[in-house]
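Novice: Return atomic coordinates for the entry below.
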Amino acid sequence: MDDATAVYRLSAEERLALALEALSLDAAHYDFCPVHKTIETTPAVAQRLTDHVWPMGELLDGALAATPPTPTVTAPERRRRFRVIQGQTS
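Specialist: Numbers count the residues shown, from 1 in each chain. Reported below is the predicted structural model:
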């Protein structure tokens, strides 16, 4: 099985997580890597989030070093407490 078919075998939640990770990396690249002509620096440097323009390798190293949060599972007894409230019929 190649990588392209492996993505289709993921659940909807896993595909959404991958899409959000890709979008986050794209937003981080926009803010930290390319110098924008209008402000003559990156948005991250302009906002003083960093003191230098990041090369793509540094951005990827930082992204790969970050540990993802561990998901929390809702306890079964808590899930049972939720009820559907029916509206009144007049």
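Novice: quick one: the strands in this protein?
Specialist: Read by DSSP state E, the chain holds no strands at all.
Novice: Quick check: which ranges of it have low pLDDT?
Specialist: Across the chain, the ranges flagged by pLDDT under 70 are 1-8, 73-85, 88-90.
Novice: what sits up against the helix ranked longest in the chain?
Specialist: As assigned by DSSP state H, the longest helix anywhere in the chain is helix 12-32. With Cβ atoms under 8 Å, 6 or more residues apart in numbering as the contact definition, helix 12-32 has outside contacts at Val7, Leu10, Thr42, Pro43, Ala44, Leu49, Thr50, Val53, Trp54, Met56, Leu59, Ala63. The way it works is simple: take the backbone N, C-alpha and C, and place the C-beta from them, glycine included.
Novice: Report the buried members of the residues you listed.
Specialist: Buried subset of those (neighbour count, 16 or more other Cβ atoms under 10 Å): Thr42, Ala44, Trp54, Leu59.
Novice: Just the ones of those residues in helices?
Specialist: Within the buried ones among the contacts of helix 12-32, residues falling in helices by DSSP H are Ala44, Leu59.
Novice: Format the buried ones among the contacts of helix 12-32 as JSON lines; extra columns: distance to Asp26.
Specialist: Listed next are the buried ones among the contacts of helix 12-32 as JSON lines, based on distance: Cβ to Cβ, whole Å:
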{"residue": "Thr42", "distance to Asp26": "14"}
{"residue": "Ala44", "distance to Asp26": "14"}
{"residue": "Trp54", "distance to Asp26": "14"}
{"residue": "Leu59", "distance to Asp26": "11"}
